[in-house]
Each structure stands twice: as C-alpha cells, then as structure tokens.
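# need coordinates for the below:
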Amino acid sequence: MIKTSGKMTVIFNSNKYKEILLKYQQKLIKTEEENEQALSIIEDLMHKSNRTPEEDELYQLLVVLVEKFEREYYLNAKISNPHSVLLFLMEQKGIKQNDLVGIIGSKGVVSEVVNGKRSITKTQAEALADFFGISVELFI
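Below is the predicted model:
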C-alpha cells in the first residue's frame, strides 16, 4: 500500500507491520490492566517524532480498541451521565479538583462542575477526554 503525503510518497510495509503486531500482540482489551498497557503504548507512539506508517496504523488500532473497551466498561459500570463519569474517573485516578483547574476552567468553574451545579460543556468534555485519555462521548 502506498500513501501519498504532499510531494513525498510513503510506502506501507506489511512485513514491518506484522513485526510490530507480533511485538505488541494487541487484541481486544478485556481488563483495566490491558487497557493501561494499551494506553501506555499509545502515549509512547503519540510522542514519537517521525512515526512510521506501520506505527501510525498500530496507534490508530489501539485508539479504537481503548475506546471500545472504555465505552463498554464504563457503561457496564452503570455510569449514566457525564457528571458520574467525571467523578468515577477522578476517584479511580486519584484526581483532585485542583488538578482540573486550567483544564476545564477556573477553580470556581471546576468546583461547580465537580459538584454537579454546572453541566459539562462540549469544550470541557473535549479537554476532559484528552486529560483522561478516553472518548469524548463519555462526557457528552
């Protein structure tokens, strides 16, 4: 497969991709531990400069697998609204209100959102999704 980017032609190497898949052995994510491992790989790839097309493919695959797991995991945990999702994630990750200042707003705004006095806006939902490394859909 050949991908064209501007003037440069990038060739997708199936054999290199097979090697990457063998190295990471990714499959459907079924536990929080597997999810954390996938998130770690995603973070490594996200910060890697000059990713190969094969690494990009693995990155995209992992994002889909993590989103699927988290959507199903959090729904199965009966988290029914964005506020509950936020509280659950804060508890699970040991996040305090002060940790969200500057991410979703001022200290007052964070307090109102966390205490359910203010709804999570779309912009805040996107920032929270980035911060927690999950799908924005969980906050909408």
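# can you map out the strands along the chain?
2-5, 8-11 (DSSP state E).
# what's the least confident stretch among those strands?
Per-stretch mean pLDDT for the strands of the chain is lowest at strand 2-5 (a mean of 52).
# per the record, what domains does this structure have?
2-76, 82-139 (automatic domain parsing).
# what about the shortest one, average pLDDT?
It refers to domain 82-139. Domain 82-139 comes out at a mean pLDDT of 92.
# averaged pLDDT, the longest helix that the chain contains. What do you get?
When the chain is parsed with DSSP state H, its longest helix is helix 53-76. Across helix 53-76, pLDDT averages out at 87.
# now that helix, how far from the chain's geometric center?
How far helix 53-76 lies from its chain's middle: 8 Å, per C-alpha atoms, centre = their mean, to the nearest Å.
# for the residue lying closest to residue 59 once chain neighbours are set aside, what are its contacts?
Distances taken as C-beta to C-beta, 6 or more residues apart in numbering place residue 45 nearest to residue 59, at 4.4 Å, with adjacent residues excluded. Backbone N, C-alpha and C define where each C-beta goes, glycine included. Counting by C-beta atoms under 8 Å, 6 or more residues apart in numbering, residue 45 touches 51, 55, 58, 59, 62.
# what's the distance between residue 45 and residue 29?
16 Å (C-beta to C-beta, to the nearest Å).
# flag every buried residue along stretch 59-73.
59, 61, 62, 63, 65, 66, 67, 69, 70, 73 (16 or more other C-beta atoms under 10 Å).
# let's have those in JSON lines, adding distance to residue 16.
Below are the buried residues of stretch 59-73 laid out as JSON lines (distance: C-beta to C-beta, whole Å):
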{"residue": "59", "distance to residue 16": "14"}
{"residue": "61", "distance to residue 16": "14"}
{"residue": "62", "distance to residue 16": "17"}
{"residue": "63", "distance to residue 16": "20"}
{"residue": "65", "distance to residue 16": "20"}
{"residue": "66", "distance to residue 16": "23"}
{"residue": "67", "distance to residue 16": "25"}
{"residue": "69", "distance to residue 16": "26"}
{"residue": "70", "distance to residue 16": "29"}
{"residue": "73", "distance to residue 16": "32"}
